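K.L.:
no letters, just coordinates:
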């Protein structure tokens, strides 16, 4: 009976979501390098061996968390794009993009990890499969944005979503800087280096949409 439950697709999906939720909780209070598979297993309430049945490496697990949270944000943007009629100005669209992402600190943090920690210890097949799934998602969202944002073509919308990955990755350090950098920026003479994530992203997206 227990074996049948273990192979049930819905049970597997529930367990995977349980593991991802536990990982996100740890990311709220720990830096990536200090989050071990042991800690994740303990927080998720699963055996470490079970954890490795779902995710072969810590980086693969975090990549899955990134994909999950990114997909949720894309779904939100798609729903907002489908609301109402007519088109909106680039400035209004940029405001929505920036404000909806600003409420997702875990996703912002994961953007920052994508080109650093998550680029290691992941096999090429996993990365290619991830990028192919992402391409389908951004293509669908790009079409929705094209219909909603004034004078935006499919190709520019697609390029915008890809550029956002890099932009947010860089800005993520301003949203959640390392403790040492955060303390350093408290120096009044370093105020010029303090950047508001949402404001900066809105300005950049507005520029990219023009």
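P.N.:
On my side now, so go ahead. These numbers come from a predicted model, not from an experiment.

K.L.:
what residue spans form the domains of this structure?
P.N.:
1-55, 59-209 (automatic domain parsing).

K.L.:
will you turn those into TSV that also has mean pLDDT and mean neighbour count?
P.N.:
The C-beta positions use only the backbone N, C-alpha and C, and glycine is treated the same way. Below are the domains of the chain laid out as TSV (pLDDT from 0 to 100; neighbours: other CB atoms under 10 Å):
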stretch	mean pLDDT	mean neighbour count
domain 1-55	87	14
domain 59-209	93	16
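
K.L.:
let me see the contact set for the residue nearest to residue 203 when sequence neighbours are not counted.
P.N.:
Counting by CB to CB, 6 or more residues apart in numbering, residue 203 lies nearest to residue 94, which is 7.8 Å off, once chain neighbours are set aside. Counting by CB atoms under 8 Å, 6 or more residues apart in numbering, residue 94 touches 202-203, 205-206, 209.

K.L.:
keep only those of those residues that are in helices.
P.N.:
202-203, 205-206, 209 (DSSP state H).

K.L.:
quick one: residues contacting the residue nearest the centre of the chain.
P.N.:
Centroid-nearest residue in the chain, with CA atoms, centre = their mean: residue 107, separated by 3.5 Å. Residues near residue 107 by CB under 8 Å, 6+ apart: 66, 69-70, 72-73, 101.

K.L.:
relative to residue 22, which of those residues is nearest.
P.N.:
residue 69 (13.9 Å; CB to CB).
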